[in-house]
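Participant: Structure for this input, please:
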Amino acid sequence: MPPPLSTTIIPLYDRHADTWHRRRSPHASLEETWLMRFAADLPDGCEVLDLGCGTGQPMARWLAQRGFAITGVDSSAAMLAHARALQPTQEWVQGDMRTLDLGRRFAGVLAWDSFFHLNHEDQRAMFPVFAAHAAPGAMLMFTSGPSHGEAIGAFEGEPLFHASLAPEEYRCLLGAQGFEVLDFVPEDPACGFHSIWLARCLG
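Facilitator: Numbers count the residues shown, from 1 in each chain. Got it, this is the predicted structure:
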């Protein structure tokens, strides 16, 4: 049997990192409103953890340009090669977000267009990882789907797995780990129809 689609994400990004880099805008035009909300209460120059950072564009780039110190984590060596070349002064770590244990806490935690590639079980297991890396008062922002289910997209003619839990379950998982939900906008038309969560760590 072929491997589950949820396990083929990293090889796909490794194969097509150069194409992804060429096509992905370095400018956070669509995402800027949400980035501004995420960054509004962050201390100047604080550390931000970007999970599934890819090439570091446009999200980490936007934050770094405003003086934040970025630690980007991604499983794809090819994507990280672009990130290191583009932003050599930031910290880039090859690793699996599902098993991450950096032993540090951050003022901001971001998982944009990455968390939603995990299957349902792995998504549920990510909330203790978020909490373990979030300082008291930290902001958390991630993208999901609008409702429970799976969806298969495509990139360069290859299937690309996405999954989501129900919004009610995300709220429960966040609350259980000490996060207060500040906002959830399903399929935001002003942001390319991303479904976006913004929360704060109360610990």
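Participant: could you list every residue that touches the closest residue to Gly149 other than its chain neighbours?
Facilitator: Excluding its sequence neighbours, the residue lying closest to Gly149 (CB to CB, 6 or more residues apart in numbering) is Ser164, at 6.1 Å. For glycine as for every other residue, the C-beta is placed from the backbone atoms N, C-alpha and C. Ser164 makes contact with Phe116, Gln123, Ser144, Gly145, Pro146, Ser147, His148, Gly149, Glu150, Ala151, Ser195, according to CB atoms under 8 Å, 6 or more residues apart in numbering.
Participant: Quick check: what element follows the least confident helix or strand in the chain by mean pLDDT along the chain?
Facilitator: Across the helices and strands of the chain, the lowest-confidence element by mean pLDDT, DSSP states H and E is helix 17-23, at a mean of 77. Moving toward the C-terminus from helix 17-23, the next helix or strand (DSSP states H and E) is helix 32-39.
Participant: average pLDDT across that next one?
Facilitator: On average, the pLDDT along helix 32-39 is 97.
Participant: Stretch 114-122 now?
Facilitator: Averaging pLDDT along stretch 114-122 yields 94.
Participant: same check, this time on stretch 148-164
Facilitator: What stretch 148-164 shows for mean pLDDT is 85.
Participant: hmm, back to that, wait, which of the contacts of Ser164 is closest to Arg84?
Facilitator: Arg84 lies nearest to Phe116 out of the contacts of Ser164, by CB to CB, at 24.7 Å.
Participant: Go ahead and confirm that closest one touches Ala163.
Facilitator: Yes - taking contacts as CB atoms under 8 Å, Phe116 lies within contact range of Ala163: 6.6 Å.
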